[in-house]
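J.: Have a look at this prediction, sequence included:
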Amino acid sequence: MTVLLTATAASGQGSTGQAIGYPTLFLLVLIGALVPVVPTGALVSSAAVVAFHEHSPLTMALVFVVASLAAFLGDVALYWLGRRGMDSRNGSRWLAAIRNRAPEDRLARAQEKLGEHGVAVLVLSRLVPAGRIPVMLACLLAKWPVRRFARGAVPACLAWAATYQLIGVLGGSLFAEPWQGVVAAVALTLTISAAPSVWRRVRGTGGAA
């Protein structure tokens, strides 16, 4: 329901819709970057669906700018909080939250890939479901400065926003009514997000058998 309301507001229908919608989209994506439980990809795709039905390049551009900027600021803020936790003797709840969302096997793979490919892994981590946090923790353990992380976060967030906006455009182009496209885009993004977890469970079940 929140996704639908946000997308409708972000459509920019009238000055009131723009005044409410874009700040709401920005705030929710920012919160989702800091607290990785908000389906930010679905938010961006939904907003893109409604923007697509407006047939306004400016509206599409604003959705992209707002989403990528909010994701960037959220990522950098979370990384900065994690760095503070790493430097603190007692850690921090933010660092603990990052560690809790980075299983050992995925963290080990992230550290290996980060050592081999550097910033490119950070960019790709934003596009892989559940890949952002393990790579961020790997960067923290490698003691990357915030400035270095931020340089990698710029293309990562731009690519992320573009990808989910394209999903929204696809959903919007398949249906005549915006709400139908929103439902399709949300379903697709949630399916993409859930796919890795389902695959791991299937592999685990198969291995146990």
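T.: Thanks, I have it.
J.: what's the burial count for Phe64?
T.: 19 (other C-beta atoms under 10 Å). For every residue, glycine as well, the C-beta is placed using N, CA and C.
J.: That one against Ala161, yeah?
T.: Yes. Contact criterion C-beta atoms under 8 Å: Phe64 and Ala161 qualify, at 5.4 Å.
J.: Low-confidence regions, this structure specifically.
T.: Across the chain, the ranges flagged by pLDDT under 70 are 1-20, 89-91, 175-179, 181, 190-209.
J.: Run a quick neighbour tally on Arg83.
T.: 20.
J.: Okay, and it sits in which element?
T.: helix 57-87 (DSSP states H and E).
J.: how far does that helix sit from the chain's center?
T.: From the chain centre to the centre of helix 57-87 is a distance of 9 Å (C-alpha atoms, centre = their mean, to the nearest Å).
J.: elements contacting that helix?
T.: helix 14-34, helix 40-54, helix 93-100, helix 132-141, helix 146-174 (3 or more C-beta pairs under 8 Å, 6 or more residues apart in numbering; DSSP states H and E).
J.: 10 Å instead, please
T.: helix 2-10, helix 14-34, helix 40-54, helix 93-100, helix 132-141, helix 146-174 (3 or more C-beta pairs under 10 Å, 6 or more residues apart in numbering; DSSP states H and E).
J.: so which of these comes closest to Ala110?
T.: helix 132-141 (4.1 Å; C-beta to C-beta).
J.: dump the residue contacts of Pro103.
T.: 109, 130, 133-134, 200 (C-beta atoms under 10 Å, 6 or more residues apart in numbering).
J.: Name the member of those residues with the most neighbours.
T.: Pro134 (25 neighbours).
J.: Let me see the contact set for that one.
T.: 98, 101-111, 113-114, 125, 128.
J.: Would you show me how to pick out the buried ones of those in PyMOL?
T.: Here is the PyMOL selection string for the buried members of the contacts of Pro134, based on 16 or more other C-beta atoms under 10 Å:
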select buried, resi 98+101+102+106+107+109+110+111+113+114+125
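J.: which element is Trp144 on?
T.: Going by DSSP H and E, Trp144 is not in any helix or strand.
J.: distance of Phe64 from Thr163?
T.: 11 Å (C-beta to C-beta, to the nearest Å).
J.: Check Val37 too.
T.: Relative to Thr163, and taking C-beta to C-beta, Val37 is found at 20 Å.
J.: and those two? which has more neighbours close in?
T.: Thr163 (17 against 8).
J.: Does the more buried one touch Leu127 like I think?
T.: Yes. Counting by C-beta atoms under 10 Å, Thr163 does reach Leu127; the two are 5.9 Å apart.
J.: mind checking how far Phe134 is from Val63?
T.: In this structure residue 134 is Pro, not Phe. Counting by C-beta to C-beta, the gap from Pro134 to Val63 is 28 Å.
J.: secondary structure class for Ala102?
T.: coil (DSSP: H, G, I helix; E, B strand; the rest coil).
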